[in-house]
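Undergrad: Got a predicted model here, sequence first, then my questions.
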There are 2 protein chains.
Amino acid sequence: MRWLSLNPKRPPSIFSPVVRFASTKPAMSSINKSAHPFDKTRLDALLNRRFFYAPAFEIYGGVAGLYDYGPSGSALQANIIAEWRKHFIVEEGMLELDTTIMTPASVFETSGHVARFADWMVKDAKTGDVIRADHLVKNVLESRLVGDKEARGQVATPAKEDEKDKKKKKKATKSAAVKLEDEVVKSYETTLAQLDNFSGPELGELCRKFDVRNPDTGNEVTDPQEFNLMFASSIGPTGQHPGYLRPETAQGHFLNFSRLLEYNNGRIPFASAQIGRSFRNEISPRAGLLRVREFTMAEIEHFVDPEDKSHPRFKDMQDVVLVLLDRHVQSSGNTSTIKMSIGEAVSKGVIANQTLAYFMARIYLYLLKIGIDPDRLRFRQHMANEMAHYATDCWDAEIQTSSGWVECVGCADRAAYDLTVHSAKTGHPLVVREALKQPIVTEKEVAELDKKTLGRTFKQDAGILQKHIESLEEEALLSLKEQLSEGSTSIFINGKGFEITPDLLRIERRTFKQSIREYTPNVVEPSFGLGRILYSLLEHTYWSREQDIERGVLSLPPVVAPTKVLIVPLSSKEEFDPLVQEVSSKFRKAGVFSRVDDSNTSIGKRYARNDELGTPYGVTIDFACEYRDMFTFVRCLLVDFTAENQIFVFTLIFGDTILTLSKTALQNSTMTLRERDTMDQRIGPIDDVIATVTDLVEGSIDWAEACRRLPVYDGVQAID
Amino acid sequence: MRWLSLNPKRPPSIFSPVVRFASTKPAMSSINKSAHPFDKTRLDALLNRRFFYAPAFEIYGGVAGLYDYGPSGSALQANIIAEWRKHFIVEEGMLELDTTIMTPASVFETSGHVARFADWMVKDAKTGDVIRADHLVKNVLESRLVGDKEARGQVATPAKEDEKDKKKKKKATKSAAVKLEDEVVKSYETTLAQLDNFSGPELGELCRKFDVRNPDTGNEVTDPQEFNLMFASSIGPTGQHPGYLRPETAQGHFLNFSRLLEYNNGRIPFASAQIGRSFRNEISPRAGLLRVREFTMAEIEHFVDPEDKSHPRFKDMQDVVLVLLDRHVQSSGNTSTIKMSIGEAVSKGVIANQTLAYFMARIYLYLLKIGIDPDRLRFRQHMANEMAHYATDCWDAEIQTSSGWVECVGCADRAAYDLTVHSAKTGHPLVVREALKQPIVTEKEVAELDKKTLGRTFKQDAGILQKHIESLEEEALLSLKEQLSEGSTSIFINGKGFEITPDLLRIERRTFKQSIREYTPNVVEPSFGLGRILYSLLEHTYWSREQDIERGVLSLPPVVAPTKVLIVPLSSKEEFDPLVQEVSSKFRKAGVFSRVDDSNTSIGKRYARNDELGTPYGVTIDFACEYRDMFTFVRCLLVDFTAENQIFVFTLIFGDTILTLSKTALQNSTMTLRERDTMDQRIGPIDDVIATVTDLVEGSIDWAEACRRLPVYDGVQAID
C-alpha cells in the first residue's frame, strides 16, 4: 500500500462525488414477488425490449410462427440445453446423435407421417380464412364461459387484454356477458375437458351443435379437412426426389438403431439423445413461442426389452411425488389431479411401467432445476383416442401459463412400432440379438423322408406327400411313428391313399438348443419442446418490484441465467480497465460467466436493466472500501485521471484531511455484491466475494449463507 | 490398511492372472506418426466403425450429401462448437443470435440469392445425368495431368484407390498414362489455378476447347445452365407464401441489426455470432463431409465504421504470421504462397484492412487450437470475378486434405451491401446514428424566395423560376447576390428573361451545425463450415501405429476429444462399481469428461478402441500398486468375488508368500495413467493422477511435465 502526497501543482479533477452515510436497510430485505398480478403485456414488452426474442423477418412484416432469439434468449436457451445435456446425456450415459433435418419422403411414408401427421382445419365459409378446428372450438366455448361468468357476476381476474383482443372475443361469441343455461355450461365444460379426444368429423359436429363460427367474421365454417403439417421440398437438381423437413428428431434415432446398438457393444437397455431443430407448418400460429413453425427440441429414445421394462435406477426415484391427471378422470369430463409417488403409481397401474415412470420423475426434477414452479406443473395422461394406436401409455408434462396448461414434454411408451415398420419396409433387421445365459433346450419329433425313394415310388405325387408330412403336428407325427414301428401304414390325402414304408419315412425325437434370443426392443420417448419450456420459465420467474410496477425482474436461477454476474465499473474511463479485467479474469477462472456493463448510465439503471435480463448477482468495484472505517467521515472522493504514466490517483477528503491513494493501493480493495431479488448489498475483499459468488452460482450455498459470510454494505444509497 | 488372512475353506477363484515383470520401455516412448502413408480408405473405415458419422437414411439406401453424426461425431462437433463459442463469442464479447432457417422468399430476393445463388451444371448429352460444371472440368483435367505424369514415369504417390474409382478415371480421360504436350500441361495447370474465376459460359468453352466429357459415360455434355442451390418450400396452409431454407445464417444477423445495435447501447463496432444449420441443394455431392446438402455453420458479422476499419486489438495480433496466396499470384496461373505477419500484410496493402486481418489471425489461432496442422493451412484471396461484386476483399482459410485444398472458413469484407439492400427494400433504416463529439459546422449561401410575390409576378412561370434558383450552385448564388446588392437583375431560362428584384429574392450566408453522423456500417464476415473443419481435423490427426498398420489412432487434442479420459476397470463385475464410481465422480468434479469402459474385452482392445475414438488418456485402477515394491516379485494376482457381504478380497502370490487384501485397503490405492500417442504408462496415487490429468486436459501442462510428476509404470506388459 502506497500513500502519495497530493501534487499541489495539478489540482485533481472532480469525478462523481459520492456522499456516503450509514445504511438504514435491514440485513436481508424481505420481498413480495406477488405484489402485482402477472401482467403478460408487461412481460412481452420486457422480452422484446431486452431482445430475448422477436418475430423473425420483422422488418419484412414478419411471418407468423417464426421467431429469432436475441443475445439474452440465445444464452438462456443455450443454458437450458447445457443443463439438459448434463441432466440427461451425461448423468444417464446416453448416446448423443445429430441427424439431418431434410428427410426423403419414403421415411415418413413408412413412419405414417405422410398419411397421418395432420391437423384438422376449417375454412371460413365466406372469406376462406383457415383456422385450426380444435383451437376454434376451444376458443369459442371458453369465451362463452367467460361471458357467462361475467353475466353471473363471478368474473375471474383475467390477465390484461388489449382492446383489440377483447373486441375479437366479443365478435367471436356474440355473447359476451351472456348468461348460459346451467346445462349448457356443463356440456361446454365436459367438451373442453376431453377436447384432445375428438376426431375431425366430431369437431365438425361440435361446430354445428354449438353454432361455432369464425370469431373474426361471425361467418359459419366448413367441415374440417386434414392438413399435413410437414414442410415439403425436393432434393437434388432434377426435382424428382421429394423430401420433408422433419417434424420431430425421432426417426433419426430409429434409422440409426443398429449402429447405436453396436456402439453400445450390443447391450440393451440404452438411450440415444438428440437436440435439434424441427419444423411443423402450423395452420395459424398465434400464441408466441407456444406454437411455432420452427423449434428446437430435445428427444430421448430409450430402447428397452419389451419383456422387462423395469429400470435399474427406479429405486432412486420411486419416492418422487408427481401431480397426475389420469385418463379416466379426463374421460369423465373432469380435470382434478392427484399427488402420488411414482412408486405407488407404478404399483397401482396408473403409470404403465417403471421405465416410463422413471423418466417422468427425471423430467420433473429437470424442470424444477431450471426454475419451473412445481405448483404449476402436472402430468396429464393421454386419452384413448388421443394416443397413437401403437402406444402403450403416454403422459405429457404440462406447465401452467397465462394461456392455460401447455404440453411441454411428452413421455410415451411407443412399444416396438417404429423399429418394426422401418425394418419391414427396408428389410434391415432392427433387432437385438441376445446370448441367452441358459440356452433354451426343447425336444420334438422330426420327420425324415428319403426323398430319392419317395420320388421314385410316387412320381408326381411325391411333392404333395412331402408337403403333407412336413405340415403334420407333433401329435400326428407321434401316431404315425407308432404305426411305422409296426411296419407299413397308409396316408390319405384328398381321399387318395399312399402306402408308406419305414424306409421311406423315419420319425425321430430330436433335441433343439436355442442360444440366441432375437427381439425388437420397445422404446420410451421423452420429447421436450425447448421453446415452450423457455417461455413458461419466463412467465414463472417474472414479477414486478412492490414499490414500482415498472421495474420488472426475471428471477432466473443462476444455472440458466444468461449472465451470472454483472461487473459494474464506476465509470467507463479506460483507466478503470485493468481492475475490471482482473475481476473479469478471476470470474472466468472460477468458471462463472460475467459481463461488464460500462455504459454511461447510472449504476441504478444498469442494475435495473440486469434485473430484466435475470442476472442474479452484481458486483461494484468499491475502490475505497478498504478504508471503510474512515469513510464515515469522508465527504468527497476525487479521482484524478490526468496523472502521468496512466497511474491515476484517488483523493479522499475527510474531516480536514486530504489523502491520495495510488491504483496499487486500491487493487487490494473490496467489492460490493448485490443480489437481484432482494437488492441486498454485501461487501468483502475481492477474492472473498468471487469465492462466494462461485459457490452461489454452483448452488453449493444460498443467499442466507452468503450473508453470513459477507457483512452488509451500508454505502452508496443511490444505487437503487 | 488391513491385511486379512486367506480363508482356506474357500479357495480363491482365479481372475485374469497377470504376470508382471520389470519394464524394458524407456521413460517416454518415441513415436513415428508418419511410418505409414495416409490411407483414406482406412480412415473412412474407422470413422464408420466408430460411428463418427454415417450416410443418413442408410437403411433406405441413403441420400447423397446427407450425413448423420453418431455419438463420437456429435461429441467432437459439440466440442469444436464449444471452443468456437469460447474463442470468439466469449473472448470477443460477441452478441449471440439464433434465427430461423425457414425464410420467406422476399428476403432472398432482396439479398440476391434468388437470382444469383446458383452453380453451373451441365447434363450428359445422352443420359441427362447432371454434373457440376467446374467440378467436371477440374476432375477431368487433373486426371489427365496424372495420366501424363504416369506416362512420364513421374508417378506421384497417390492415395489408395479402389478398382472402381480407377476405372472411372480411365474412362473419363481415355488418356490414362498418356503423355501430353508440354504446352497442353501448362495450359491445364493455368486453367486449374484460376478455375474459381470462370463464369458459366467460360466453363462451357473450356469443355469444348479441351473436349471434356462425362467421365462415367464418355458422352459430350450440354452447355452449362444455372441451378439455384436453395431448397424451396412454402409456408402456411394455403401454399401462397413461398419460402427457402437459408443457405447461410448471415441474413438473420442483418435483419436484426437495429435490435442488436440497440442491445449494444447504440455503440459500434460490435459483432453478432450464430451457430446453426444451413442448407444447399448441391448438384451432385460426392466428397463425404466436404460437400453436403445440410451442414452446421458458425458465422460472425462484425459491424464496423466504413471510415475506420482499424481494430482495437490489432496490436495483439499483428505479429501472427500467416501463409498467404494472394489474387495476383493466382491470376498469373500460379499457386505459390508467401509467409507474412498480418501487420506487414496490412501495411503493404495485401490484406485490405486491420479488421479483416485481425479476424484472419483469430481464425488461424482457433484452427490451431483445435488441432489443425499449421503446415496444411493457408489463406487464399478471392480473385476479381470470384468475389461478390460488392465485396472489398475476401480470404478463404483453406485446409489441405486428401481431396486437395478445401475452403473451410471464408473471411470477407462485404462492405455495406447487405444492410443497404434490406434497408432500401423495407424502408427500415439500418444505420448507425452517432453523436459527433465535435459538431460539424459549415456555412453556405442560401436563397430565400418570397413565394407569394413570385407567384403574383410570374404566374405560371413562377415554378420554373423557383426550381432554377434552388438548383444554383454556391458560386452562381454568390454572383447573383452581388448583382442583387446593386439592385434588380435578370435571369434567363431557355432564352426567356425574368427580372428579379431584391424583394423577390434574398441570398444570405447561413451557418449549419451537424451533431449526428448517420451511416450504414460495413460488415466483416468470418463464416465457418464446421463439418469441413471437423473432417479435415480427422485427416490431420489420423495415423497408424508403426508396428501395426491396423491400429489407427486419432490424435485429437484434449480440448476437442469426445472423451478426455477412459476409465478401465479390470472387470465388469458389479463389485468394482464403488471404486469406479469414486474415480468417475472425482473426474466429474474436476470438470473432466470421462467414460467407463467395462466391456468384456481385454484392456488392450479397450485402449485400441479408444485410440480410434481419440481419447487422449486412460486410467486403469491398479488395485495393488501401492504395494508396487513387492510386485517385482509378484507372480500372480487372484481376485475372489465370492466373498460374503460384498467385500471382495485380492490374493497376491509373490515369492513363496500369499497375501490377501481387503477392498478397504485398496481404496487408498494408485492408478496407472496411459497416454494415447506414446502409449506411455505412468503411475501414482489416485488423486495425483486425477490432478495431473486435469492439468493436461486444461492445457496447463504437457505430457513431459506429467512424466516428471508421475513415475513410469513398469507393470502389466500385456495391455498394449
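TA: Great, that's in hand.
Undergrad: Which residue is the nearest non-sequential neighbour of the residue of chain A positioned farthest from its centre?
TA: Using C-alpha atoms, centre = their mean, the residue of chain A lying farthest from its centre is residue A:487. It sits 75.2 Å away. Nearest non-adjacent residue to residue A:487, counting by C-beta to C-beta, 6 or more residues apart in numbering or on different chains: residue A:502, 7.1 Å away. C-betas here are computed from N, CA, C, even on glycine.
Undergrad: which residues touch that neighbour?
TA: A:484, A:485, A:487, A:488 (C-beta atoms under 8 Å, 6 or more residues apart in numbering or on different chains).
Undergrad: Doesn't it lie inside a helix?
TA: No - counting by DSSP: H, G, I helix; E, B strand; the rest coil, residue A:502 falls outside a helix, being coil.
Undergrad: Enumerate the residues of the stretch 51-200 of chain A near chain B.
TA: A:51, A:54, A:56-60, A:63-64, A:66-71, A:73-75, A:77-78, A:90, A:93, A:95-104, A:106-107, A:121, A:130 (C-beta under 8 Å from any C-beta of the partner chain).
Undergrad: give me the element residue A:364 is part of.
TA: Per DSSP states H and E, residue A:364 falls inside helix A:354-370.
Undergrad: what residues does the following helix or strand past that helix touch?
TA: Using DSSP H and E, the helix or strand that follows helix A:354-370 towards the C-terminus is strand A:377-381. Identification of contacts with strand A:377-381 by C-beta under 8 Å, 6+ apart yields A:322-327, A:330, A:337, A:360, A:364, A:367-368, A:393-400, A:405, A:407, A:411.
Undergrad: quick one: low-confidence parts of chain A?
TA: By pLDDT under 70, the weakly predicted segments of chain A are A:1-29, A:155-175, A:571-576, A:622-668, A:714-720.
Undergrad: pull the longest strand from it.
TA: Taking DSSP state E as the criterion, chain A has its longest strand at strand A:432-449.
Undergrad: Just the C-alphas of that strand, formatted as PDB.
TA: Extracted in PDB, the C-alpha atoms of strand A:432-449 (Å, rounded to 0.1, in the frame of the first residue of the first chain):
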ATOM      1  CA  VAL A 432     -31.400 -57.100 -30.500                       C
ATOM      2  CA  ARG A 433     -29.700 -60.500 -30.600                       C
ATOM      3  CA  GLU A 434     -29.000 -61.500 -27.100                       C
ATOM      4  CA  ALA A 435     -26.900 -64.500 -26.000                       C
ATOM      5  CA  LEU A 436     -29.100 -66.500 -23.600                       C
ATOM      6  CA  LYS A 437     -27.400 -67.300 -20.300                       C
ATOM      7  CA  GLN A 438     -29.300 -70.500 -20.200                       C
ATOM      8  CA  PRO A 439     -29.900 -71.900 -23.700                       C
ATOM      9  CA  ILE A 440     -33.500 -73.000 -24.200                       C
ATOM     10  CA  VAL A 441     -33.500 -76.700 -24.800                       C
ATOM     11  CA  THR A 442     -36.500 -78.300 -26.500                       C
ATOM     12  CA  GLU A 443     -37.300 -81.700 -27.900                       C
ATOM     13  CA  LYS A 444     -39.600 -82.500 -30.700                       C
ATOM     14  CA  GLU A 445     -40.400 -85.200 -33.300                       C
ATOM     15  CA  VAL A 446     -38.900 -84.700 -36.700                       C
ATOM     16  CA  ALA A 447     -39.900 -86.400 -39.900                       C
ATOM     17  CA  GLU A 448     -37.100 -87.500 -42.200                       C
ATOM     18  CA  LEU A 449     -38.100 -88.500 -45.700                       C
END
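Undergrad: what comes up buried for that strand?
TA: With burial defined by 16 or more other C-beta atoms under 10 Å in any protein chain shown, the residues of strand A:432-449 counted as buried are A:432, A:445, A:447, A:449.
Undergrad: nearest to residue A:515, of those residues?
TA: residue A:432 (14.5 Å; C-beta to C-beta).
Undergrad: circling back: mark which of the contacts of strand A:377-381 are buried, thanks.
TA: A:322-327, A:330, A:360, A:364, A:367, A:393-400, A:405, A:411.
Undergrad: Take those residues and keep only those in strands.
TA: Among the buried ones among the contacts of strand A:377-381, the members found in strands (DSSP E) are A:322-325, A:393-400, A:405, A:411.
Undergrad: how about those residues in JSON lines, adding distance to chain B?
TA: JSON lines is the format used below for those (distance: C-beta to the nearest C-beta, whole Å):
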{"residue": "A:322", "distance to chain B": "28"}
{"residue": "A:323", "distance to chain B": "32"}
{"residue": "A:324", "distance to chain B": "33"}
{"residue": "A:325", "distance to chain B": "31"}
{"residue": "A:393", "distance to chain B": "28"}
{"residue": "A:394", "distance to chain B": "26"}
{"residue": "A:395", "distance to chain B": "28"}
{"residue": "A:396", "distance to chain B": "25"}
{"residue": "A:397", "distance to chain B": "23"}
{"residue": "A:398", "distance to chain B": "25"}
{"residue": "A:399", "distance to chain B": "21"}
{"residue": "A:400", "distance to chain B": "26"}
{"residue": "A:405", "distance to chain B": "26"}
{"residue": "A:411", "distance to chain B": "23"}
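Undergrad: Those: which two are farthest apart?
TA: A:393 and A:400 (22.9 Å).
Undergrad: List buried members of the residues of the stretch 51-200 of chain A next to chain B by neighbour count.
TA: A:51, A:54, A:56-60, A:63-64, A:66-71, A:73-75, A:77-78, A:95-104, A:106-107, A:121, A:130.
Undergrad: re the thing from before, sheet partners, orientation included, of the longest strand of chain A?
TA: Paired neighbours of strand A:432-449 in the sheet (DSSP bridges): strand A:505-519 (antiparallel).
Undergrad: just checking, what packs against the helix or strand following the partner strand?
TA: Note on strand A:505-519: by DSSP H and E, the next helix or strand toward the C-terminus is strand A:522-529. Using 3 or more C-beta pairs under 8 Å, 6 or more residues apart in numbering or on different chains; DSSP states H and E, the elements in contact with strand A:522-529 are helix A:250-255, strand A:294-304, helix A:354-370, strand A:404-413.
Undergrad: Give me the sheet partners of strand A:522-529 and which way each runs.
TA: Strand A:522-529 is paired, per DSSP bridges, with strand A:294-304 (antiparallel), strand A:404-413 (antiparallel).
Undergrad: Pull out the buried positions in it.
TA: A:522, A:523, A:524, A:525, A:526, A:527, A:528, A:529.
Undergrad: I'd like to know which residues of the stretch 501-650 of chain A are adjacent to chain B.
TA: Counting by C-beta under 8 Å from any C-beta, the stretch 501-650 of chain A sits next to chain B at A:591, A:593, A:595, A:599.
Undergrad: Just give the nearest non-adjacent residue to residue A:261, would you?
TA: residue A:432 (6.6 Å).
Undergrad: Could you do residue A:48 as well?
TA: Using C-beta to C-beta, 6+ apart, the nearest residue to residue A:48 is residue A:54, at 6.1 Å.
Undergrad: doesn't residue A:338 make contact with residue A:321?
TA: No - applying C-beta atoms under 8 Å, one finds residue A:321 not in contact with residue A:338, separated by 10.1 Å.
Undergrad: residue ranges for the strands of the stretch 601-720 of chain A, please.
TA: A:617-622, A:634-640, A:649-654, A:657-662, A:670-675, A:681-685 (DSSP state E, counting those that start in this stretch).
Undergrad: Remind me what the fifth one packs against, helices and strands.
TA: Spelled out, it's strand A:670-675. Using 3+ C-beta pairs under 8 Å, 6+ apart: strand A:670-675 touches strand A:617-622, strand A:681-685, helix A:686-698, helix A:703-709.
Undergrad: dump the residue contacts of residue A:614.
TA: A:72, A:76, A:541, A:553, A:554, A:555, A:556, A:561, A:562, A:676.
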